[in-house]
Structures are given as structure tokens and as C-alpha cells.
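In: no sequence for this one, just the structure:
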């Protein structure tokens, strides 16, 4: 690969990661504040109900693409109008089929479970959101291929801000669970309109067998992994919800919310690295550097924030009297945070296998994780409820060490070497938090001291032991400014 092209990819990748990181941090900030306000007003069962229905409708997303969009992003050559239109046509047919299935199935479920207007409003709004998301696929693909994530970031930011403003407003006006439905409708419409304004394309329906067949060679194996992920994550969640009930699943959903915050940084890197890894897949040394840098940057950010959230979560609950109802979620939060830390390191590796066409490896890994999920989740949920489900998440996550071994074998990436510095800094944060807990301070002072002292310790640690990496990042920013 030419040096000029490599530098161009590096520049676009860094810019995209920065924009997506800022976007995701803003979205997580908005989402966390919005979720906090909603869970103050709404009951545990209402939060659990929305989470269960959301999981149910999201299942349709796995059947609406069959991997064609990912194939468009992954292919090296420029995509043709026929490929775009064929992908769009197939996707809309699958979306329509999925909505017809819901129209037949939901009335029977509603009758057997005694569902009313609240449940129906959530189902209808999420189905509409599912359809709107499918219509945004091609514009999004075109932006991703150009590594132009600034526009995608803008749409996501507007959607999330609008969603939580509307949901919180209507919740405090007394609309209850209907607040979710109203916010979902409005967010979906606005997001769709903005996306087509930012990334218009030659809209149309057609079917080109030759181009579609080429895309399916990558798309079907890729989507097979998605179907396995469906069984591993979404269907297992519905099984767990059936075992522990609305309130139990509401507690589990709350426990997942906090640890999910730092993963927004990982999501930003993942969004960029798939097309980036695809572009450099023929240059193994360069690919190794990209993978190693991704793992290091993710762990440097994600590990300490996960530790910090785990240390202060209980303090926040005790400070706000109306939030005491969420105290049972603290123990599950600890297990979930640990599982997310492992996932944060493992996801870039599976992403790399997909990007370079080693789909068979990720398929085998997904089958392994799915089997473990369906073994541990039901057994532990039946025995220990929502705490058992969180323990199962950690046990399944621990099997990811196999992925680390495969990364060393195929990409010569030493995961342990990349994460040892972030782990040490994170352990220092945990130690100071436990020491502050033992001082017998008031909740307010304990919370403030944990945040200030923990941040200071980690920044000092970065300066002493990670200065070279920080300087590298600074020079990347400097180079970007000089190129503008």
C-alpha cells in the first residue's frame, strides 16, 4: 500500500474516531441524564417492560439485512447503483415481512398476557423506528465507506437529544410508559429526514442478480454471525426476562446502563476500524499496528471508567432518596462491569477477523459464546434471579481469552502486553476507592473524594508511565490541525 494512501487512511481514521468519541460521549451524557430522570419518575416494572419490548423488536433488525450493508462497506472497489438499489430492495422486502409477522403474532401474545394500550403503543412505535432505521441504511453505508462519520455523528446526536427531551417531558407530565412511544416516533421521523438531507442517494428499487450474488458471498457468512449473536444476546435476554419478570429485568437493565457509558468510546473505534481494517487487510504489519493501537486506546479509557462507575454507583443511590429502589442493581452492576471490560478488549479482535474476511473464525466463536450463554443464563437466573444473570454474563465473558490466543496466532497481537498498563492504573483507582470507603466519611464527601482522588491518581499514572502514548495521541491531533 502506498505511503500517501496509508497516511490518508490514518488521518481519516483518527478524525473519525475523534468525532465519534465526542459524539458518543455527548450521547452517553444525554442518555445517562435522561435515563436518570426517567428512572426517578417511572417504576422498576415500567423500565423493565420497555426493555423487554425493545429487545423483542430489535430481533427484527437481524433479519432485515442478511449482511448486504456490511458487504457494501467491506468491499474494496466502489459500489455501483445496482448494488445499492438491490440491497435497498431486498432490505425493504425483509422489513415488510418482519412487520407482517409481528402483526400476526402480537395479538395472540397480548391476549395471553393481558397486554393493553401501553404495551401496544411501545410495540407500534418501535416497529416504526425499525422501519425508519432500515430506510437510513444506504445513506449511512455511503458515509461509512468514505469514513465520514461526522455526519452520522450529527444525526445520532440530534436523535438522542430529541428522544430524551421528549421522553422526560412527557414522563413528568404524567404520560407514564407512553412517554417512550411518543419520543420514539418523533426521534425516528426527524433522524430519517436529516440523514437523507446529509447523504442523499439515487433512490430506487431494482434487483441485479450478479451484483447481489457477489455481495451475498460475504454478507451471508457475516449475517450468520449476527443470527448467532441474536440467539446469544437478544433471545437469551427474553428468556431471562421470562424467568425473572419485568421488575427483575428492570433492575438488570439499570445495572447495565452505567457500565455501558464507557463502551461508547469502544463503539466509536469499532465503527471506524471495520472499514479501516478492511482497507489495510493486505498489509499485515500495518494491520497489526491498527489492532494493537485500538486495543490499547480502548482499555486506557474503558477500564478506569468502569472501575470508577462501580465505586461510586452506591454513593449516588444513597444520596437521592427516590433512587433507593435501584439499590438491588448494585451487585449485578459489578459483575456486568467486569464482563464489559473483557468485551471491550475482545470486540476489536472479532471486528478485525470480520474485516479481513476470516468470518469462519468469528462464526465458531459466536457458536461457542451462544452455547455458553444458553447454559449459564437460564441455570443461574432460575437459581439466583437477576444476580445470577449478571454472574452468567461474566462467566461467558471469561471465555474470550480464546480470542486473545487467536489474535496472537493470526495477527501477532499480544493482548496482555497491550492492556497491562491500563490494568495497573485501574487497580490503583480501585484501591483508593476501597481505602476511602474505610474512612467512615459522609456519603457526599466519600463520593467527592473518590472522584477527585481517583482522577488525580490515574492522570498522574498516565503521565509517569504512559507519556509516550499520550504524546503520540497529541501529535495525531497536531497533525490533523496542520492538515486542515
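Out: Received the coordinates, thanks. Predicted, not measured: the structure shown is a model, and the values here were computed from it. Numbers count the residues shown, from 1 in each chain.
In: what's the spacing between the helix or strand residue 364 falls within and its chain's center?
Out: Per DSSP states H and E, residue 364 falls inside helix 359-398. Chain-centre distance of helix 359-398: 18 Å, with CA atoms, centre = their mean, to the nearest Å.
In: Check which residues of the next helix or strand along the chain from that helix are buried.
Out: Using DSSP H and E, the helix or strand that follows helix 359-398 in sequence is helix 401-411. Neighbour counts over helix 401-411 (16 or more other CB atoms under 10 Å) mark 403, 404, 406, 407, 410, 411 as buried. In this view, the C-beta of every residue, glycine as well, is placed from N, C-alpha and C.
In: Spatially nearest residue to the third one, not counting backbone neighbours?
Out: Read that as residue 406. Using CB to CB, 6 or more residues apart in numbering and skipping the chain neighbours, the partner closest in space to residue 406 is residue 361 (6.4 Å).
In: shaky segments in the chain?
Out: 1-25, 53-80, 82, 145-149, 206-227, 229-231, 265-283, 469-470, 472-484 (pLDDT under 70).
In: Which neighbouring elements make contact with the helix or strand hosting residue 111?
Out: Per DSSP H and E, residue 111 falls inside helix 81-113. When contacts are defined as 3 or more CB pairs under 8 Å, 6 or more residues apart in numbering; DSSP states H and E, helix 81-113 packs onto helix 68-74, helix 117-135, helix 137-145, helix 209-229.
In: Off-centre distance for that helix?
Out: 23 Å.
In: relative to helix 117-135, how tilted is it?
Out: Using axes from the mean of the first three to the mean of the last three CA atoms, to 10 degrees, the inter-axis angle of helix 81-113 relative to helix 117-135 is 170 degrees.
In: what angle separates helix 81-113 from helix 137-145?
Out: 120 degrees.
In: Can we start the residue count at 663 from this point?
Out: Sure, I'll start numbering at 663, so the last one becomes helix 743-775.
In: quick one: buried residues of helix 743-775?
Out: Of all the residues in helix 743-775, those buried under the rule 16+ other CB under 10 Å are 744-754, 756-757, 760, 764, 768.
In: now residue 824, nearest residue through space, not along the chain?
Out: Distances taken as CB to CB, 6+ apart place residue 849 nearest to residue 824, at 5.3 Å, with adjacent residues excluded.
In: What is the neighbour count of the one you found?
Out: By other CB atoms under 10 Å, the residues close to residue 849 number 23.
In: for the one 4 residues further on, same thing?
Out: Each residue near residue 853 was counted by other CB under 10 Å, and the total is 22.
In: which strands and helices sit next to the helix or strand hosting it?
Out: Per DSSP H and E: residue 853 is located in helix 840-860. Secondary-structure packing of helix 840-860 (3+ CB pairs under 8 Å, 6+ apart): helix 779-797, helix 799-807, helix 811-834.
In: Contacts only, for the nearest residue to residue 1058 once chain neighbours are set aside.
Out: Nearest residue to residue 1058, sequence neighbours excluded (CB to CB, 6+ apart): residue 1034, at 4.8 Å. By CB atoms under 8 Å, 6 or more residues apart in numbering, the residues touching residue 1034 are 1057, 1058, 1061.
In: TSV please, covering those residues and showing distance to residue 910 and neighbour count.
Out: Shown next, in TSV, are these (distance: CB to CB, whole Å; neighbours: other CB atoms under 10 Å):
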residue	distance to residue 910	neighbour count
1057	19	16
1058	19	24
1061	25	16
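In: If we only consider those residues, which is nearest to residue 1112?
Out: residue 1057 (28.5 Å; CB to CB).
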